[in-house]
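Engineer: Build me a model:
(2 chains)
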2 protein chains.
Amino acid sequence: MSCVLSMDNFADRLMDAVKRKGNPCVVGLDPRVDQMPGFITEALTEKGPESVRQAIARFHRIVLDAVAQLVPAVKPQIAFFEQYGLGGILAFIDTVQMAKERGLIVIADAKRNDIASTAEAYANAFLGRTRLPWGDEPVFDADCVTISPFLGRDSLNPFIKTCSKYGKGVFILVKTSNPGSSDLQDVKEAESGRPIYVRLARTVHELGQETMGKSGYSSVGAVVGATFPEQAKELRQLMPRSIILVPGYGSQGGTGEDAAKCFNPDGLGAIVNASRSITYTFQSPSISEKEYAQLVRNNVEKMAGELNTALGRHAATAMT
Amino acid sequence: MSCVLSMDNFADRLMDAVKRKGNPCVVGLDPRVDQMPGFITEALTEKGPESVRQAIARFHRIVLDAVAQLVPAVKPQIAFFEQYGLGGILAFIDTVQMAKERGLIVIADAKRNDIASTAEAYANAFLGRTRLPWGDEPVFDADCVTISPFLGRDSLNPFIKTCSKYGKGVFILVKTSNPGSSDLQDVKEAESGRPIYVRLARTVHELGQETMGKSGYSSVGAVVGATFPEQAKELRQLMPRSIILVPGYGSQGGTGEDAAKCFNPDGLGAIVNASRSITYTFQSPSISEKEYAQLVRNNVEKMAGELNTALGRHAATAMT
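Structural biologist: Residues are numbered from 1 along each chain as shown, chains lettered A, B, ... in the order given. From the prediction side, this is the model:
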């Protein structure tokens, strides 16, 4: 691309990072303390939030150091932090900070939303600033956040406004990776005969117009699971300028070929997350810190290789 | 009711509290520090999370002391806490604790959800326990939590299991109070010709069977806004044994008559929340702490009176 990308636009920053790193991989950070390697769990002997915070933060420092040069972005899943209460939230704040210090884009996977004034509070928490007597303060200050469209367009608007104001992004749930996503998202509408996810994709496409970057992509993206490749193909066409965040690759069963359906023929326009298949694949809890870091790097390189091969085939097919 | 209610069942505990307090009012706790009375904001001079925590906790201590004898439950809206980051989360933990100490039922309004294993983490965070090396620990330990059905039934199941295990409850979003709720929730299905919210109500009704209390109500409830009284009437009939949590009363425009549509003819089966119209109605920021506490009490008594009058008329109509 010959045009100059704007670092004030989330989509441009993300597409720039994907090109610099040479792959669209996102490493998911799901802290499950009881499943971490022994060098973490054995050090966790004192009760209390500060001890839990230190364990999670140390685990993520190792992961982040291992992947910072390899991938464009990381995706902390806040549910797994929240389940540790105060210690988890402290570790979430640490993790976002450490990832940003290492030049990684941070996708807060929070699937938040509420009615308008409350949605604004969530937008402030994850992307914007909150008013305090001594001035407006950034809070978690992630680069983007995943949000739910269930409450309708007036619940999405405060996030879009915050994205425009602070150069941030959102990924709106359109077709999630779990089997049960069909219960609501696949329901066919009487008026159009089309599934709900088609309606949602059209909303994402429309909402994206205001935050278009010089890369040709918008800061309003969509979540589409790798586990539904047929739907992904259709959704890719309905939202040509939206970046798709693809969960469901790896442990959930989605392959590189499946994920490739979420990309445009230029090989861009999507990022693919893997969590457990990157960070929880060690066989023995007695793995050393050095071996663990190498394993994480190997997992990322394998994923990047698989995706890039699939994207090469995808581009070749698109040209014929 | 002559049967003995089980205090291990959330629905029984809630219906018991409604009967003891003689009204179905829920006080919403939405911390907006910049809009609090002067006796709070003027004391907030030091920067930092501990200072924000103290301000919010002090404000809520006054509100909780004012309403503890009057209402069955309070509903902290976690978005307004989260927007203050660490200080807000500390204040959320304090607020839940203070409310429980005063015998109030705590509804964590979090509208959380995610795919199954992640939904389990949220269920642990709000209702259950999280595994740590020294044992399973309760986290926020609210009595119930609001959750979103957008991801389908497999995302709801972990919450239902946690409710059964720990005697907790959920309120599943069915028809929210905001104007934009029509965008998705009112879409008519091709197969049935009925709106999505009807499908959701049927899911809530089915999921409730496992957590039925001796009160005849289930611990799986629904959120239905007072701003849509016609839909509320229909939804009440589709979910006869689910407790309905009714937002949208007061500042959002719902009246006592509107909210009454969510109740069964026995005058039970719903609870009605008001937030701003209870806690943010003072005219001058120079109001004293004592005057403020009295104002909050007056607002609650006015609301309880209005609802009970409307419920009386509702019952009379149902009998004719």
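Engineer: Going by C-alpha atoms from here, please, whenever you check contacts or count neighbours.
Structural biologist: OK.
Engineer: So for stretch A:205-223, what gets flagged as buried?
Structural biologist: Taking 16 or more other Cα atoms under 10 Å in any protein chain shown as the basis for neighbour counts, the residues of stretch A:205-223 that come out buried are A:205, A:207-208, A:211-215, A:217-223.
Engineer: Which secondary structure elements does the strand or helix carrying A:Ala222 sit against?
Structural biologist: Counting by DSSP states H and E, the element that carries A:Ala222 is strand A:218-224. For strand A:218-224, the elements it packs on are helix A:10-21, strand A:169-175, helix A:196-207, strand A:242-246, judged by 3 or more Cα pairs under 8 Å, 6 or more residues apart in numbering or on different chains; DSSP states H and E.
Engineer: neighbouring contacts of the next helix-or-strand element following it?
Structural biologist: Taking DSSP H and E as the definition, the helix or strand that follows strand A:218-224 towards the C-terminus is helix A:229-238. Judged by Cα atoms under 8 Å, 6 or more residues apart in numbering or on different chains, the contacts made with helix A:229-238 from elsewhere in the structure are A:198, A:201-202, A:205, A:224-226, A:244, A:258-259, A:261-264.
Engineer: tilt between helix A:229-238 and strand A:169-175?
Structural biologist: With axes from the mean of the first three to the mean of the last three Cα atoms, to 10 degrees defining the directions, helix A:229-238 sits at 130 degrees from strand A:169-175.
Engineer: Return the alpha-carbon coordinates of helix A:229-238 using CSV.
Structural biologist: Coordinates of each C-alpha in helix A:229-238 appear next as CSV, following Å, rounded to 0.1, in the frame of the first residue of the first chain:
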residue,chain,number,x,y,z
PRO,A,229,-16.5,-21.1,7.4
GLU,A,230,-19.6,-21.0,5.2
GLN,A,231,-21.2,-18.1,7.1
ALA,A,232,-17.8,-16.4,7.2
LYS,A,233,-17.6,-16.3,3.4
GLU,A,234,-20.9,-14.5,3.2
LEU,A,235,-20.1,-12.2,6.2
ARG,A,236,-16.8,-11.2,4.6
GLN,A,237,-18.7,-9.9,1.5
LEU,A,238,-21.3,-8.1,3.6
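Engineer: circling back: ok, so of the buried residues of stretch A:205-223, who is nearest chain B?
Structural biologist: Top of the list for closeness to chain B, among the buried residues of stretch A:205-223 and by Cα to the nearest Cα, is A:Val223 at 11.9 Å.
Engineer: For the closest one, name its beta-bridge partners.
Structural biologist: Assessed by DSSP bridges, A:Val223 has beta-bridge partners A:Leu173, A:Leu245.
Engineer: Do I have it right that it meets A:Lys175?
Structural biologist: Yes. Look at A:Val223 against A:Lys175 with Cα atoms under 8 Å: they come within range, at 6.4 Å.
Engineer: what's the farthest-apart pair in the buried residues of stretch A:205-223?
Structural biologist: Across these, no pair lies farther apart than A:Lys214 and A:Val223, at 21.8 Å, counting by Cα to Cα.
Engineer: now the strands: where do they sit in the stretch 1-150 of chain A?
Structural biologist: In the stretch 1-150 of chain A, the segments counted as strands under DSSP state E, counting those that start in this stretch are A:25-29, A:73-76, A:105-112, A:129-132, A:135-138, A:144-147.
Engineer: partner strands of the fourth one, parallel or antiparallel?
Structural biologist: Strand pairing for strand A:129-132, using DSSP bridges, gives strand A:135-138 (antiparallel).
Engineer: Can you show me the CA trace of the partner strand as CSV?
Structural biologist: What follows is strand A:135-138, C-alpha atoms only, in CSV (Å, rounded to 0.1, in the frame of the first residue of the first chain):
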residue,chain,number,x,y,z
GLY,A,135,-9.6,15.9,35.2
ASP,A,136,-10.5,13.2,32.7
GLU,A,137,-8.5,10.0,33.3
PRO,A,138,-7.8,7.0,31.0
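Engineer: Would you pull up how far stretch A:85-92 lies from the middle of the chain?
Structural biologist: A distance of 19 Å separates the centroid of the chain from that of stretch A:85-92, by Cα atoms, centre = their mean, to the nearest Å.
Engineer: For that stretch, the averaged confidence score.
Structural biologist: Per-region confidence: stretch A:85-92 scores 98 on mean pLDDT.
Engineer: now check that stretch, is it near chain B?
Structural biologist: Yes. Part of stretch A:85-92 sits close enough to chain B to count as contact by Cα under 8 Å from any Cα of the partner chain, namely A:Gly85, A:Leu86, A:Ile89, A:Leu90.
Engineer: before we move on, back to that, got the angle for the strand holding A:Ala222 vs helix A:196-207?
Structural biologist: Orientation note: strand A:218-224 sits at an angle of 170 degrees relative to helix A:196-207 (the same axes, to 10 degrees).
Engineer: now the angle from strand A:218-224 to strand A:242-246?
Structural biologist: Strand A:218-224 and strand A:242-246 meet at an angle of 30 degrees, taking the same axes, to 10 degrees as the criterion.
Engineer: Strand A:218-224 relative to helix A:10-21, how many degrees between them?
Structural biologist: Direction vectors for strand A:218-224 and helix A:10-21, defined by the same axes, to 10 degrees, enclose an angle of 70 degrees.
Engineer: So what touches strand A:218-224?
Structural biologist: Outside strand A:218-224, the residues that touch it by Cα under 8 Å, 6+ apart are A:9-11, A:146, A:160, A:163, A:168-177, A:201, A:204-205, A:207-213, A:232, A:241-247, A:262.
Engineer: Can you check the pLDDT for A:Val174?
Structural biologist: On pLDDT, A:Val174 comes in at 98.
Engineer: count of neighbours near it?
Structural biologist: When counting by other Cα atoms under 10 Å in any protein chain shown, one arrives at 30 neighbours for A:Val174.
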